[in-house]
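In: Sequence plus the predicted model coming up.
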Amino acid sequence: MRPARAPWRQWLPHGLLVAFLAVLVAGCGASESYPQSTLHPKGDFAEVVDGLFQTTVFWATIIFIGVEAALLYAIFRFRAKPNDPEPAQTHGNTLVEIIWTVIPAAVLAFVAVPTVRVIFGAAWMPETSADGSAPLRVDVVGHQWWWEFRYPDLGIVTANELHIPVGRTVDVRMKSVDVLRSWWVPQFAGKRDVFPNRETRIWFTAIDTGEYPGVCAEFCGLQHGRMAFYTMAVAPADFDAWVARRQADSAQAAIRPPVPPSDTTQPAPLPEDPQVAQGRQLFLTKACVGCHALGSAGAPTTVLGPNLGGIGTRRMIASGWLENTDANLAAWIKDPAAFKEGVAMAGVYQVTDAEAAALAAFLRTRQ
């Protein structure tokens, strides 16, 4: 006869499984290195939402512990024993019914009050930032499949990288030129639907410098999953320097080759790299300039293609899908459909490997 297993041996596999699952769940928790964590807010709006989340989790935990404790107590205290008579039947208890009505109502109130407070607080646009300055207005326009960022008060238009100063409230106003989308930077604010012919708004203030990814959170077509962008939160002085560079942009100056200064005491510019010169010419002859603006300052807005001002120093290309390296930039120019099927640039023109490399070298000069 096979000997009976000790009780602890029967429960050991189950205990190990529970421990493994606990470790696995803990590993899913957001760490500082995870790029799209809502659990490590980096903006004031996100901190408020995170506080509401923590409040809700607290009361949910209290309820869970209370219910499970009562359930375990009932299981072991009133479990049936051999030859037990049938228990007395109860058809109602006013006190118990009052208790299980009042307690859930109180818990809902504890959750509802801060929730309503956050909802109304999020709808109110601050008139000034923490530093006393006016909020920075940014108009966001959703395209297939990329994001356009306009700074109407600064006369700047750019794409796929949102630059903001730390400590200054950002007033984001959104719309779409075609279909419904949703704009989301997890570490700064909640999602906001982006509609055609209708403006939606959200505000937040970055509290720490860094590069924070954002996404389109509403299915908008074939390349919805590859419609990303980065929010570059920088120190105020660095933001002012970025604004100065963008305002100094000129599409015409970008297309013309460098010319010697009129002041003969100033040294003439160094001879232009032949590959850059070739790329400059190709940018005109291959009709790139028909869809893309090279200058950010006062650039016309277009639904044809993203603004390329400053593309040489951007972190990513192809709407946050490819790292901005020379090889990736050339490959994207030569065959964009290989990376994002259905993009408008696919099939517009044909270039050789050498021409793609020359165009990439030219665009790299756009700092």
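Out: Everything's here; your move.
In: Met227 reaches Val215, doesn't it?
Out: Yes: if you go by C-beta atoms under 8 Å, Met227 and Val215 touch, sitting 7.1 Å apart. For glycine as for every other residue, the C-beta is placed from the backbone atoms N, C-alpha and C.
In: Between those two, which is the more surrounded one?
Out: Met227 (26 against 20; other C-beta atoms under 10 Å).
In: Look up how far Val289 lies from that one.
Out: Counting by C-beta to C-beta, to the nearest Å, the gap from Met227 to Val289 is 24 Å.
In: Repeat that for Pro13.
Out: 68 Å.
In: Please say which of those two ends up with more neighbours.
Out: A direct count of neighbours by other C-beta under 10 Å for Pro13 and Val289 places Val289 higher, at 15 against 9.
In: Leaving out the residues flanking it, which one is nearest to the more buried one?
Out: Phe283 (5.9 Å; C-beta to C-beta, 6 or more residues apart in numbering).
In: secondary structure class for the one you found?
Out: Following DSSP: H, G, I helix; E, B strand; the rest coil, Phe283 is assigned to helix.
In: Likewise for Met174?
Out: Counting by three-state DSSP, the backbone at Met174 sits in strand.
In: Confirm for me that it is in contact with Trp203.
Out: No: contact criterion C-beta under 8 Å: Met174 and Trp203 do not qualify, at 11.7 Å.
In: quick revisit: residues in contact with the residue nearest to Val289?
Out: Phe283 is in contact with 255, 289, 294, 359, 362, counting by C-beta atoms under 8 Å, 6 or more residues apart in numbering.
In: any idea which of the residues you listed is closest to Gly279?
Out: Phe362 (2.8 Å; C-beta to C-beta).
In: For that closest one, give its distance to Gln144.
Out: Per C-beta to C-beta, Phe362 is found 26 Å from Gln144.
In: Looking at these two, which is more packed in?
Out: For Phe362 versus Gln144, neighbours defined as other C-beta under 10 Å are more numerous around Phe362 (25 against 20).
In: nearest residue to the more buried one other than its sequence neighbours?
Out: Closest to Phe362 by C-beta to C-beta, 6+ apart is Gly279, at 2.8 Å.
In: next one: Val118
Out: Nearest to Val118 is Leu52, by C-beta to C-beta, 6+ apart, at 4.9 Å.
In: The longest helix seen in the chain packs against which elements?
Out: Ranked by residue count and defined by DSSP state H, the top helix of the chain is helix 44-77. Counting contacts by 3 or more C-beta pairs under 8 Å, 6 or more residues apart in numbering; DSSP states H and E, helix 44-77 is packed against helix 94-123, strand 200-205.
In: Direction included, what does the last one pair up with?
Out: Here strand 200-205 has these sheet partners by DSSP bridges: strand 169-176 (antiparallel).
In: tell me the average confidence for the very next helix or strand once past the strand it pairs with?
Out: Following strand 169-176 in sequence order, the next helix or strand is strand 181-184 (DSSP states H and E). Here strand 181-184 scores 93 as its mean pLDDT.
In: same deal with stretch 110-125?
Out: On average, stretch 110-125 scores 86.
In: Spatially central residue (nearest the centroid) of this structure, please.
Out: Gly214 (1.6 Å; C-alpha atoms, centre = their mean).
In: one step back: give the buried residues for the one helix or strand the residue nearest to Phe362 maps to.
Out: In this structure, Gly279 sits in helix 274-285 according to DSSP H and E. Across helix 274-285, burial judged by 16 or more other C-beta atoms under 10 Å covers 275-280, 282-283.
In: Gln54 versus Arg201, what's the distance?
Out: Distance from Arg201 to Gln54, by C-beta to C-beta: 26 Å.
In: do the same with Ser176
Out: 33 Å.
In: who has more neighbours, those two?
Out: The neighbour count for Ser176 versus Gln54, taken as other C-beta under 10 Å, is higher for Ser176 (24 against 10).
In: ok, now which ones touch the more buried one?
Out: Ser176 touches 141-143, 194-196, counting by C-beta under 8 Å, 6+ apart.
In: List the beta-bridge partners for it.
Out: Counting by DSSP bridges, Ser176 forms beta bridges with Gly142, Pro196.
In: Per-residue pLDDT of it, please?
Out: pLDDT, Ser176: 94.
In: And for Ala26?
Out: pLDDT, read off for Ala26, is 60.
In: remind me which residues of the chain are low pLDDT?
Out: Applying pLDDT under 70 to the chain flags the ranges 1-12, 14-15, 22-35, 250-271, 299-303.
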